[in-house]
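Participant: Predicted structure and sequence below. I'll ask about it afterward.
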Amino acid sequence: MFADEIAARRLKTLVEHYMETRKRRHDVVSTSTAETAIREVLPNCPVSGKALDDMIAACAVEHGLGVLFDRSEVTDSVS
């Protein structure tokens with residue numbers, strides 16, 4: 001249980017950092033690109049699929065960014 005909480009906190013921090021980096025040069029965040037970047041750093045991501053898209057989108061909106069939901073169904077079923 002404790003390890004899950006740490007992984008969830010790390011994921012949230014990673015998503016926040018990604019948004020901070022993206023907002024300097026972009027107005028929109030791609031959920032597919034964000035997921036790819038997050039999984040490079042956190043391969044055993046505790047969240048996947050629509051839940052990860054929702055987390056990315058919520059954080060993007062908090063940072064004033066638009067969201068492009070562009071993950072394909074094939075990618076979704078593999079995750």
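Facilitator: Thanks, I have it.

Participant: Not counting its neighbours along the chain, what's nearest Ile38?
Facilitator: Distances taken as Cβ to Cβ, 6 or more residues apart in numbering place Leu14 nearest to Ile38, at 5.7 Å, with adjacent residues excluded. Bear in mind the C-beta positions are built from the backbone N, C-alpha and C, glycine included.

Participant: for that neighbour, phi and psi?
Facilitator: phi -60, psi -40 (degrees, to the nearest 10).

Participant: Distance check, it against Ser72.
Facilitator: 22 Å (Cβ to Cβ, to the nearest Å).

Participant: neighbour count winner among the two?
Facilitator: Taking other Cβ atoms under 10 Å, Leu14 and Ser72 do not tie; Leu14 has more neighbours (16 against 9).

Participant: how close does that one get to Asn44?
Facilitator: 12 Å.

Participant: quick one: secondary structure of the residue nearest the centre of the chain?
Facilitator: Centroid-nearest residue in the chain: Ile56, 4.0 Å away (criterion: Cα atoms, centre = their mean). Assigned with DSSP: H, G, I helix; E, B strand; the rest coil, Ile56 falls in the helix class.

Participant: show me what contacts it?
Facilitator: 15, 18, 29, 31, 34-35, 38, 67 (Cβ atoms under 8 Å, 6 or more residues apart in numbering).
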